[in-house]
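Asks: test case, fold it:
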Amino acid sequence: MAVVPGYKIAELLTKIGNKISSSQIQPAGLDLTLSAVFTFEGEGAIGLEEVTLPSYQELEPSEDGFYRLSEGAYKIRFNEIVEVPNDCIGIAFPRSSLLRMGATINLAVWDPGYKGRGEALLLVFNEKSIQLRKGARVAQIVFIKLLEKPSQAYRGRYQYENI
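Replies: Predicted structure coming up:
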């Protein structure tokens, strides 16, 4: 297994039009920043062949640019458009500062060939709430090289999401 250094991920994402700051580049990955926060407004369902996503309501940050989030589950969107190379997978993790505040982010694997502005599940466990500024670094994506290229690149329903 080989992990792609953060500066290489920054080069890849910059080539597709992202503005990456030097503070986002980590030794073994790249920090993703917060674009938007949503509350869940409905029920979702996963069947054998079909998926029904719930409705969402986008929250507005306060005048100072902070989202003040009470205990609960939120959908978040990242600013960066990510394009996973065909010989890699992307895995993202919450930043440790988020964990130390009593919150975490859950994400799924980003398959080879995926391109989009990804989303994640933000879980706030802190009973006193947390504050996140729009544009804050909240997750770190890591690209892991595959032993060999897959037979096909990602072509699922989330390809080109939010771009």
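
Asks: name the strands paired with the longest strand along the chain and say parallel or antiparallel.
Replies: Under DSSP state E, the strand in the chain containing the largest number of residues is strand 29-40. Here strand 29-40 is paired, per DSSP bridges, with strand 25-26 (antiparallel), strand 56-58 (antiparallel), strand 72-78 (antiparallel), strand 137-145 (antiparallel).

Asks: just the helices in this structure please.
Replies: Under the criterion DSSP state H, the chain contains helices at 6-15, 96-100.

Asks: give the contact list for Leu32.
Replies: Residues in contact with Leu32 (CB atoms under 8 Å, 6 or more residues apart in numbering) are 24, 78-80, 82, 92, 118, 137-141. Backbone N, C-alpha and C define where each C-beta goes, glycine included.

Asks: among those, which one lies nearest to Glu43?
Replies: Gly118 (22.9 Å; CB to CB).

Asks: who touches that closest one in this structure?
Replies: 32, 77-78, 82, 92, 107, 110, 161-162.

Asks: show the pLDDT at the residue sitting furthest away from the middle of the chain.
Replies: The C-alpha centroid of the chain is most remote from Leu48, which lies 25.9 Å away (CA atoms, centre = their mean). Reading off the confidence values, Leu48 has pLDDT 94.

Asks: for Ser70, same thing?
Replies: Here, the pLDDT recorded for Ser70 equals 97.

Asks: for it, give its distance to Ala10.
Replies: In this view, Ser70 and Ala10 are 34 Å apart by CB to CB, to the nearest Å.

Asks: more neighbours, the two?
Replies: Ala10 (21 against 11; other CB atoms under 10 Å).

Asks: nearest residue to that one in space, please, no chain neighbours.
Replies: Distances taken as CB to CB, 6 or more residues apart in numbering put Ile20 closest to Ala10, at 4.6 Å, once the chain neighbours are dropped.
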